[in-house]
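A.B. asks: Would you be able to build a 3D model of this:
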Amino acid sequence: MEFEIIGNKDRAEEILALIQIWDQGLQEHDLHAMTQDYSDKVSVFDVALQVDDIQAYRKLWQQCFPYFGDNIQVQRRRLKIYAGDNIIFLHCYYKVLGDAQTSADDIPWCRTTVGFYKESEKWKVVHEHISMPYDCEKQQPLYILAEP
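C.D. replies: The predicted model follows:
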């Protein structure tokens, strides 16, 4: 995975480690591992909806697991991390793939931004935003199918 760090490299490395834990949790359908570093009051703006607490986020993923099936993998492109001492933002393009999908080429890339806040010496995800470009004239999403 290619990435760029702007700011505190040590703090950014901590976030990269948390991303690996989340990815592993997703692969194993382990909601605890996926959400252990999320604030109880996390705000998540997903492509189709919004959730405002950790329980709703867990429920969202519980509903999504069947869509992906087993052998889930995460791909990220152009990951950029802006790292301060107590606040970190990252953004990237990403997609989630599983054996329930027909082809990785048919799965669009999503744009993702995640905000972390250091609370009691632990990083917590406080904000997550996942989106796709949208053509207002045609009133439809613009799928990014080629590598961004």
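
A.B. asks: okay, CA-based contacts and neighbour counts for the rest of this
C.D. replies: OK.

A.B. asks: How far away from the center of its chain is stretch 46-57?
C.D. replies: 12 Å (C-alpha atoms, centre = their mean, to the nearest Å).

A.B. asks: residues of that stretch that come out buried?
C.D. replies: Neighbour-count burial for stretch 46-57, counted by 16 or more other C-alpha atoms under 10 Å, picks out Asp46, Gln50, Val51, Asp53, Ile54, Ala56, Tyr57.

A.B. asks: ok, for the third one, nearest residue in space, not its chain neighbours?
C.D. replies: Spelled out, that is Val51. Val44 (5.2 Å; C-alpha to C-alpha, 6 or more residues apart in numbering).

A.B. asks: Phi and psi next, for the one you found.
C.D. replies: The main-chain torsion angles of Val44 are listed as degrees, to the nearest 10 and equal phi -120, psi 120.

A.B. asks: Quick check: the gap between it and Leu16.
C.D. replies: Val44 sits 20 Å away from Leu16, going by C-alpha to C-alpha, to the nearest Å.

A.B. asks: okay, the two: which has more neighbours?
C.D. replies: Val44 (22 against 15; other C-alpha atoms under 10 Å).

A.B. asks: ok, that one to Cys110 distance?
C.D. replies: 14 Å.

A.B. asks: Tell me where the chain has helices.
C.D. replies: 9-27, 31-35, 54-68 (DSSP state H).

A.B. asks: What residues of the second one count as buried?
C.D. replies: If you call a residue buried by 16+ other C-alpha under 10 Å, then helix 31-35 has these buried ones: Leu31, Ala33, Met34, Thr35.

A.B. asks: Kindly report the same for stretch 107-122.
C.D. replies: So stretch 107-122, judged by 16+ other C-alpha under 10 Å, has buried residues Ile107, Pro108, Trp109, Cys110, Arg111, Thr112, Thr113, Val114, Gly115, Phe116, Tyr117.

A.B. asks: out of the residues you listed, who's nearest Glu128?
C.D. replies: Taking C-alpha to C-alpha as the measure, Glu128 lies nearest Val114 of the buried residues of stretch 107-122, at 4.4 Å.

A.B. asks: isn't that closest one right up against Tyr94?
C.D. replies: No: Val114 is beyond contact range of Tyr94, at 12.0 Å (criterion: C-alpha atoms under 8 Å).

A.B. asks: Pull out the CA atoms of stretch 16-35 and give them to me as CSV.
C.D. replies: Output for stretch 16-35, consisting of C-alpha atoms alone and laid out as CSV, is shown next (Å, rounded to 0.1, in the frame of the first residue of the first chain):
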residue,chain,number,x,y,z
LEU,A,16,-1.2,2.4,10.2
ALA,A,17,-1.0,-0.3,12.9
LEU,A,18,-4.7,0.4,13.8
ILE,A,19,-5.7,0.1,10.2
GLN,A,20,-4.1,-3.3,10.0
ILE,A,21,-6.1,-4.4,13.0
TRP,A,22,-9.3,-3.2,11.4
ASP,A,23,-8.5,-4.9,8.2
GLN,A,24,-7.8,-8.2,10.0
GLY,A,25,-11.1,-7.8,12.0
LEU,A,26,-13.0,-7.3,8.7
GLN,A,27,-11.4,-10.4,7.2
GLU,A,28,-12.5,-12.4,10.2
HIS,A,29,-15.9,-10.8,10.6
ASP,A,30,-14.8,-9.7,14.0
LEU,A,31,-16.8,-6.7,15.0
HIS,A,32,-14.9,-6.2,18.3
ALA,A,33,-11.5,-6.0,16.5
MET,A,34,-13.0,-3.6,13.9
THR,A,35,-14.5,-1.3,16.5
